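# Sequence and computational prediction follow.
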Amino acid sequence: MRAMSLVCLLALLGLGAAAVAPVACAEEALDAAGLLKQGDHVFRSRDYESATAIYKRAAVLAEKQGAQETLVEALSMAARGHLIRKQAEQGQPFLDRAAKLAKASQPAGWSRYLGVRGRFEWKVEQDRPKATKTFESMHAYCLQHELWSRAVDAAHMVAITGTADQQVAWALKGIAAAEKGGMDGWLGPLWNNLGNTYQDRGENEQALEAFLKARHYHWKGTREVPKLVADWAVGMAYRRVGQYVEAKRWLRPVLAWAERRYAEKQEPERGEWVGLACMELGLVALKEGRRADARRDLDRALPFLEAVKLHEWHPAAWKELTEARAALAKETAAGKGR
């Protein structure tokens, strides 16, 4: 009977039974808000598939318990869980349902909805100005309602979707707010995004400084991947400012680390960091005139980065890789390569 009641609730939500993972009978006794918090915890661990399933169960319970604000939050995060896994079409019905229920008089639900709506505007509609306005509105709203962490999130998103000038200003605004609130968990991503912005602007010295600060905060945490990525970013930044010895000092341990992880589990997401480390070491070797080493490292990088479709999400890096390989191939054909 309990399983059947959940199917009925799904019908009320307009989501269908297939939208939610099987629910243990014991979970029906949980408070919807408690289940929402559990979903947030799992989401922060980056187990997005499990988190999405929990958010859907929280939505079912919130509907049953008449907890409308929790329902809006759960629906919004179920949508985000699909979006982050490149399943926007599956996530859209959850966001549409949240849009109908969200009220500005309910701060937790409204702020959560705005944060996800802005991400859909950015990723699905590909309308960066529209997304930026949504995140700016979210930032002001969250400050008004003293939702400090969500205000930082909003600033962080404007720093991604805004114009070049907006990106720097809002990144610094988010950093200042996170520092004031002692939110160290935010400071790694915020400094990292600012480093990327500086890099896109060709301000490589400032980018290096930002990536070093990002690394400081990422290494305060316990998760392995952000630490690996932070070290890679520092090595990459040293390469871009022409400090090749220092770049190798960072990148060689990163490559060994990435290789160990890939040997444990040969997934494209793990292979990505083998590829990116090889690419950076190959570009360093090219600058140092070690063309045989450059060819070896760049050739090794290629299949790993093809597997994760680097050309789609970072065309500039893909261009740098392919042009370097083409130049080396031309030299080899002309008998000049060493």
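Okay, I see it. Numbering: from 1, shown residues only.

# switch to C-alpha atoms for all contacts and neighbour counts from now on
Fine.

# Go ahead and flag the most central residue of this protein.
I84 (7.9 Å; C-alpha atoms, centre = their mean).

# how much space between that residue and F120?
10 Å (C-alpha to C-alpha, to the nearest Å).

# go on, G195?
Counting by C-alpha to C-alpha, the gap from G195 to F120 is 24 Å.

# Comparing these two, which residue is more hemmed in?
Between G195 and F120, counted using other C-alpha atoms under 10 Å, the more crowded position is G195 (29 against 22).

# Of all the residues in stretch 195-209, which ones are buried?
195-199, 204, 206-209 (16 or more other C-alpha atoms under 10 Å).

# what's the helix or strand for I54?
Per DSSP states H and E: I54 is located in helix 48-65.

# For the residue nearest to the centre of the chain, give me its contacts.
Counting by C-alpha atoms under 8 Å, 6 or more residues apart in numbering, I84 makes contact with Y48.

# Farthest-apart pair in the buried residues of stretch 195-209, please.
T197 and E209 (12.3 Å; C-alpha to C-alpha).

# For the buried residues of stretch 195-209, give me TSV that also has distance to M236 and pLDDT.
Shown next, in TSV, are those (distance: C-alpha to C-alpha, whole Å; pLDDT from 0 to 100):
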residue	distance to M236	pLDDT
G195	11	96
N196	11	93
T197	14	91
Y198	13	94
Q199	11	94
N204	10	97
Q206	13	97
A207	10	97
L208	9	98
E209	12	98
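
# In helices only, show me those residues.
195-199, 204, 206-209 (DSSP state H).

# can you pull the buried residues of whichever strand or helix holds D231?
If you go by DSSP H and E, D231 is part of helix 224-240. For helix 224-240, burial by neighbour count (16+ other C-alpha under 10 Å) applies to 226-240.

# Next secondary structure after that helix?
The helix or strand immediately downstream of helix 224-240 is helix 244-264, counting by DSSP H and E.

# any idea of the angle that next one forms with helix 224-240?
Interaxial angle, helix 244-264 versus helix 224-240 (axes from the mean of the first three to the mean of the last three C-alpha atoms, to 10 degrees): 150 degrees.

# Mind giving me the packing neighbours of helix 244-264?
helix 224-240, helix 268-287 (3 or more C-alpha pairs under 8 Å, 6 or more residues apart in numbering; DSSP states H and E).

# To L302, which of those helices lies closest?
helix 268-287 (6.8 Å).

# Distance from the closest one to the middle of the chain?
20 Å (C-alpha atoms, centre = their mean, to the nearest Å).

# How many neighbouring residues does the residue nearest to K213 when sequence neighbours are not counted have?
Distance criterion C-alpha to C-alpha, 6 or more residues apart in numbering; nearest residue to K213, sequence neighbours excluded, is W191 at 6.4 Å. Applying other C-alpha under 10 Å, we find 27 residues neighbouring W191.

# Check which helix or strand W191 maps to.
helix 184-200.

# Which strands or helices does that helix pack on?
By 3+ C-alpha pairs under 8 Å, 6+ apart, helix 184-200 packs against helix 148-161, helix 164-180, helix 204-218.

# Show me what the second one is packed against.
Looking back up the chat, that one is helix 164-180. So helix 164-180, by 3+ C-alpha pairs under 8 Å, 6+ apart, packs with helix 148-161, helix 184-200.

# Could you export those helices as a markdown table, including distance to A33?
Below are those laid out as a markdown table (distance: least, C-alpha to C-alpha, whole Å):
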| stretch | distance to A33 |
| --- | --- |
| helix 148-161 | 17 |
| helix 184-200 | 23 |
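
# between these, which one is nearest to K287?
helix 184-200 (18.9 Å).

# which residues does L212 contact?
Neighbours of L212 in contact, by C-alpha under 8 Å, 6+ apart: V234.

# on that earlier part again, tell me which residues of the helix holding I54 are tucked away?
Quick answer for helix 48-65 (16+ other C-alpha under 10 Å): 48, 51-64.

# what does stretch 281-295 give?
281-286, 291, 293-295.

# do the same with stretch 163-172
For stretch 163-172, by 16+ other C-alpha under 10 Å, it's 166-172.

# Check what contacts it and list those residues.
Against stretch 163-172 from outside (C-alpha under 8 Å, 6+ apart): 155-156, 158-161, 190-191, 193-194, 197-198, 201.

# could those go into TSV alongside distance to E69?
Converted to TSV, those look like this (distance: C-alpha to C-alpha, whole Å):
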residue	distance to E69
A155	23
H156	24
V158	25
A159	28
I160	28
T161	27
L190	29
W191	32
N193	31
L194	33
T197	35
Y198	39
R201	41
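
# what's the most buried one of the helices and strands packed on helix 164-180?
helix 148-161 (a mean of 24; mean count of other C-alpha atoms under 10 Å).

# Give me the distance from it to the chain's centre.
Distance, centroid of helix 148-161 to centroid of chain: 13 Å (C-alpha atoms, centre = their mean).

# Next: stretch 87-102.
20 Å.

# what comes into contact with that stretch?
13, 15, 68-69, 71-73, 75-76, 78-83, 109-110, 113, 116-117, 120, 124.

# Any chance of the helices and strands packed on helix 184-200 in CSV with distance to L35 as columns?
As requested, these are exported to CSV (distance: least, C-alpha to C-alpha, whole Å):
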stretch, distance to L35
helix 148-161, 19
helix 164-180, 27
helix 204-218, 28
